[in-house]
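In: everything below, folded, please.
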Amino acid sequence: ESTLWPSFKVFMLKRNTRLARPDISLKEHSLVKSFASWLLTVGDGKIGEPVDEDPENTSWVHIPPAYCLLPAEQGLLKMIDFIYDQSTLHTPSAISLQQKAIICPKNETTDIINSKVLDMVPGESTIYMSQDEATPTGNDGVETEMLYPIEHLNTFKLPVFPPHQFELKVGAPVMLLRNVNIAGGLCNGTRMIV
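Out: Next comes the predicted model:
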């Protein structure tokens, strides 16, 4: 047991804030309530088929089709529309955006979703390009340029580097991925509107 546990405070989440929205329709209220109830039964281990001879006591859980995304593009657009409704994307505000996020397990998925969301934001986009070059060590400047041409460097997609092409629109939601100015509040995870 960690010595840090006494420093933590446990908060019990007792209210479904999605159900408390004043603009929610009766149909959506029923769907959200049903999903929340199903999710609790999964979390409590009340549904699912136990996997035989599994030391972890895992279970196979059948996910009802109503809770699944449609395949490919249509499902992705439906999910984006569910999270970022038209009013949020057409007239973004800090209040509406701070309540919404799409969390992705992979950077590739994040790039696809970000591109789709940016397409849904009205207005013209501006593309910013990186300036990449390999820094030579010693006297091998020409050799470094031959081994690592700029075109090759532009193809790298590493989590620690920004992309070669970066597209922005006025009014688009963005999030900082690095600490820029901690004292000024521009920290990793800060969400803003362009």
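In: measure how far the helix or strand of the chain with the lowest mean pLDDT is from the centre of its chain, please.
Out: For the chain, using mean pLDDT, DSSP states H and E, the weakest element among its helices and strands is helix 141-147, scoring a mean of 73. Centroid separation for helix 141-147 versus its chain: 38 Å, with C-alpha atoms, centre = their mean, to the nearest Å.
In: buried residues, the helix or strand where Leu118 lies. List them.
Out: In the assignment (DSSP states H and E), Leu118 maps to helix 107-120. Within helix 107-120, the residues that qualify as buried by neighbour count (16 or more other C-beta atoms under 10 Å) are 113-114, 116-118, 120. (Glycine included, C-beta is placed from N, CA and C.)
In: what pairs with the very next helix or strand once past that helix, parallel or antiparallel?
Out: Counting by DSSP H and E, the element after helix 107-120 in chain order, helix or strand, is strand 125-129. Strand partners for strand 125-129, identified by DSSP bridges, are recorded as strand 165-169 (antiparallel).
In: please state the offset of the biggest helix by length in the chain from the chain centre?
Out: Taking DSSP state H as the criterion, the chain has its longest helix at helix 26-43. If you compare the mean C-alpha spot of helix 26-43 with that of the full chain, they lie 22 Å apart, counting by C-alpha atoms, centre = their mean.
In: stretch 11-23 too?
Out: Taking C-alpha atoms, centre = their mean, the mean C-alpha location of stretch 11-23 is offset from the chain mean by 21 Å.
In: how about stretch 158-176?
Out: Here stretch 158-176 is found 13 Å from its chain centre; the criterion is C-alpha atoms, centre = their mean.
In: residues of that stretch that come out buried?
Out: Using 16+ other C-beta under 10 Å as the burial criterion, the residues of stretch 158-176 that qualify are 164, 169, 172-173.
In: what helix or strand is Pro162 located in?
Out: Per DSSP H and E, there is no helix or strand for Pro162.
In: contacts only, for it.
Out: Ser130 (C-beta atoms under 8 Å, 6 or more residues apart in numbering).
In: and if you look at Arg191?
Out: Residues in contact with Arg191, defined by C-beta under 8 Å, 6+ apart, are 97-98, 173-176.
In: picking that back up, now do the helix holding Leu118 and strand 165-169, the angle between them.
Out: 40 degrees (axes from the mean of the first three to the mean of the last three C-alpha atoms, to 10 degrees).
In: contacts for helix 107-120?
Out: Under the criterion C-beta under 8 Å, 6+ apart, external residues in contact with helix 107-120 comprise 76-77, 80, 84, 89, 102, 104, 125, 157, 159, 163, 167-169, 172-173.
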